[in-house]
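A.B. asks: got a predicted structure plus its sequence, pasted below:
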Amino acid sequence: MKQKINPDGMIKPPAPYSTIIKVSAVEEMICLSGVSANGPEGGIVGKGDILAQTKQIVENIKKELAAVGASKKDIVMTTTYVLADAMDDFLMTGAANVLFDGLDNPADTLVGVASLAGMKGGALIEVNAIAVKD
């Protein structure tokens with residue numbers, strides 16, 4: 001069972017994520033490695049476009065979860081890595097809302113980084129996730 005908690009007396013999250021996810025009675029835990037904006041042919045979708053890449057990542061995560069019988073509703077935690085130079089675009093284009101809404105508002109840590117593994121191919125963002133099924 002997953003419970004979203006945003007305690008009274010704490011600052012309201014500036015994006016649609018949850019500050020706490022409490023999980024009880026876990027039957028399965030699913031850990032996704034960093035998911036990038038690769039399309040079916042392998043290349044990065046939306047080179048230079050953080051919003052397009054974020055949308056592709058949400059779709060990729062949904063496909064990965066479906067492969068193990070899970071869905072976005074099962075995600076409890078994500079870590080989002082955004083190139084530091086693309087952070088303003090991530091926040092200003094609505095990409096953050098697309099990510100968190102698309103993944104059902106998990107607990108999240110957002111990290112600005114100097115580089116990503118797929119950066120030379122145009123990657124601006126990567127997300128890893130933990131899901132639980134009860």
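C.D. replies: Sure, I can see it.

A.B. asks: ok now the lengthiest helix in the chain, how far from the chain's centre?
C.D. replies: Assignment by DSSP state H gives helix 50-66 as the longest helix of the chain. Here the centre of helix 50-66 is set off from its chain's centre by 8 Å, with CA atoms, centre = their mean, to the nearest Å.

A.B. asks: which other residues reach the following helix or strand past it?
C.D. replies: Using DSSP states H and E, the helix or strand that follows helix 50-66 in sequence is strand 75-83. Applying CB atoms under 8 Å, 6 or more residues apart in numbering, the external contacts of strand 75-83 come out as 2, 21, 23, 34, 50, 61, 65, 90, 99, 103-104, 106-116, 119, 123-132. All C-beta spots, glycine's among them, are computed from the backbone N, C-alpha and C.

A.B. asks: where's strand 75-83 relative to the chain centroid, distance-wise?
C.D. replies: With CA atoms, centre = their mean, you get 4 Å for strand 75-83.

A.B. asks: could you tell me the angle between that strand and helix 50-66?
C.D. replies: 150 degrees (axes from the mean of the first three to the mean of the last three CA atoms, to 10 degrees).

A.B. asks: for the helix or strand where residue 91 lies, output the C-alpha coordinates as PDB.
C.D. replies: If you go by DSSP H and E, residue 91 is part of helix 87-92. Output in PDB follows, covering the C-alpha atoms of helix 87-92 (Å, rounded to 0.1, in the frame of the first residue of the first chain):
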ATOM      1  CA  MET A  87      17.700  23.200 -15.600                       C
ATOM      2  CA  ASP A  88      16.000  26.500 -16.300                       C
ATOM      3  CA  ASP A  89      14.300  25.100 -19.400                       C
ATOM      4  CA  PHE A  90      13.200  22.000 -17.400                       C
ATOM      5  CA  LEU A  91      11.500  24.200 -14.800                       C
ATOM      6  CA  MET A  92      10.200  26.900 -17.100                       C
END
